[in-house]
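Peer 1: no sequence for this one, just the structure:
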């Protein structure tokens, strides 16, 4: 079986690239198609077992493509439709940027693993526009209408949608009018130790951008006499540093060893944003850390109220404060083996097994 995997761009290793790593373990001979990539990083990440080809669209040949690739978004539909995929039996598009719009042969099976419909075109368009410079903002305003038409019109090219959470499944239904199947993304739960002695500090781990709502932590813990550590970088770093109280420590970006130590020792993880899925709560459960999460989005799949964490219902500092106090009242009840058992349901081995079974059923 000849397999093609379509990914949007690969310049850093994040959640979408972790999915590709697992797909390549299933299909080491697959060819990988991207708009733009760091070839050395890709090959180093995939390792010697990857024996397929890496192919890029014409976006990769445009000026400063590795830094300006997002500016070339309006050209990506054209680039995708020029890919030659007629010889492939199975095409897997990994979608949160434009990938699913490829044209395949009538006999091929096209599976879209949807991390999310393109957020900057749909429900989070206004948030993304605020973060862009004037030129990029103007281009997106002009082109987004046509890109949305293209995005919807290419949904029928997909035979089956797999989604990472119920939240993403609802968006696929809303924007594409397509049903989907949930297949949770892979998490390396074996990287964490849940037996370490816990500290007294709370932890936030993630980018410091508006929609992730790290500002709620600054507001809430400014009123609480509890230490909290904030790990992450982003456009709000300086603003948050200026507003934080003495009990809040901003560490900026940290390497994995530091992240691991903090997850294994924190009292609880704070997860205040609305995420499509959010692997961090699973990593926290694997590390033995309960999660205090906003009850919306992917957290509804990754956090079990009263077992692996507690929810708060409103994105306000007062609601977060109440959730922290609720957690502290329930803290002795959180059982680490139960939390680890929950985390293992999201393992990389489980992902590969379920994905392979789904494909086998579709290829019969």
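Peer 2: It's in. No experiment lies behind these values; they were computed from the predicted model shown.

Peer 1: please identify the buried residues of the helix or strand where residue 361 lies?
Peer 2: Secondary structure assignment for residue 361, by DSSP states H and E: helix 348-363. For helix 348-363, burial by neighbour count (16 or more other CB atoms under 10 Å) applies to 348, 350-351, 355, 359. Bear in mind the C-beta positions are built from the backbone N, C-alpha and C, glycine included.

Peer 1: what does stretch 152-161 give?
Peer 2: In stretch 152-161, counting by 16+ other CB under 10 Å, buried: 154-155, 157-158, 160-161.

Peer 1: could you do stretch 177-197 as well?
Peer 2: Neighbour-count burial for stretch 177-197 flags 178, 180, 183-187, 189, 192, 194 (criterion: 16+ other CB under 10 Å).

Peer 1: tabulate the residues you listed in JSON lines, adding columns for distance to residue 323 and secondary structure.
Peer 2: What follows is the buried residues of stretch 177-197, written out as JSON lines (distance: CB to CB, whole Å; DSSP: H, G, I helix; E, B strand; the rest coil):
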{"residue": "178", "distance to residue 323": "35", "secondary structure": "coil"}
{"residue": "180", "distance to residue 323": "30", "secondary structure": "coil"}
{"residue": "183", "distance to residue 323": "30", "secondary structure": "coil"}
{"residue": "184", "distance to residue 323": "24", "secondary structure": "coil"}
{"residue": "185", "distance to residue 323": "26", "secondary structure": "coil"}
{"residue": "186", "distance to residue 323": "29", "secondary structure": "coil"}
{"residue": "187", "distance to residue 323": "24", "secondary structure": "strand"}
{"residue": "189", "distance to residue 323": "25", "secondary structure": "helix"}
{"residue": "192", "distance to residue 323": "23", "secondary structure": "coil"}
{"residue": "194", "distance to residue 323": "22", "secondary structure": "coil"}
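
Peer 1: and the residues you listed as TSV, adding distance to residue 29 and pLDDT?
Peer 2: Shown next, in TSV, are the buried residues of stretch 177-197 (distance: CB to CB, whole Å; pLDDT from 0 to 100):
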residue	distance to residue 29	pLDDT
178	29	96
180	27	96
183	22	96
184	26	95
185	23	94
186	20	94
187	26	92
189	28	91
192	32	95
194	37	93
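
Peer 1: so the nearest residue to residue 164 once chain neighbours are set aside, which of the three states?
Peer 2: In this structure, residue 164 finds its nearest non-sequential neighbour in residue 277, 4.4 Å apart by CB to CB, 6 or more residues apart in numbering. Of the three states, residue 277 takes coil according to DSSP: H, G, I helix; E, B strand; the rest coil.

Peer 1: quick one: neighbours of residue 277, just the number.
Peer 2: By the measure other CB atoms under 10 Å, the count of residues near residue 277 is 25.

Peer 1: ok, so what distance separates it from residue 324?
Peer 2: Counting by CB to CB, to the nearest Å, the separation of residue 277 from residue 324 is 24 Å.

Peer 1: same question, residue 156
Peer 2: Distance from residue 156 to residue 324, by CB to CB: 47 Å.

Peer 1: what of residue 362?
Peer 2: 45 Å.

Peer 1: please apply the same query to residue 107.
Peer 2: 56 Å.

Peer 1: which of these two has more neighbours?
Peer 2: residue 324 (21 against 8).

Peer 1: any idea which element that one lies in?
Peer 2: helix 317-330.

Peer 1: returning to that earlier point: distance to residue 149 for the buried residues of stretch 177-197 - can I get that in CSV?
Peer 2: Output for those, formatted as CSV (distance: CB to CB, whole Å):
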residue, distance to residue 149
178, 16
180, 21
183, 28
184, 31
185, 29
186, 33
187, 35
189, 41
192, 44
194, 48
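
Peer 1: now, which of the residues you listed sits nearest residue 50?
Peer 2: residue 186 (16.5 Å; CB to CB).

Peer 1: so who does that closest one touch?
Peer 2: Contact partners of residue 186, counting by CB atoms under 8 Å, 6 or more residues apart in numbering, are 18-19, 22, 346-348, 350-352.

Peer 1: coming back round to it: what does the helix holding residue 361 contact?
Peer 2: Under CB under 8 Å, 6+ apart, the answer for helix 348-363 is 1, 22-23, 25-26, 89-90, 109, 111, 159-160, 162, 181, 183-188, 344.

Peer 1: C-terminal to the one helix or strand residue 79 maps to, what's the next element?
Peer 2: For residue 79, the element it lies in under DSSP H and E is helix 76-81. Moving toward the C-terminus from helix 76-81, the next helix or strand (DSSP H and E) is strand 90-95.
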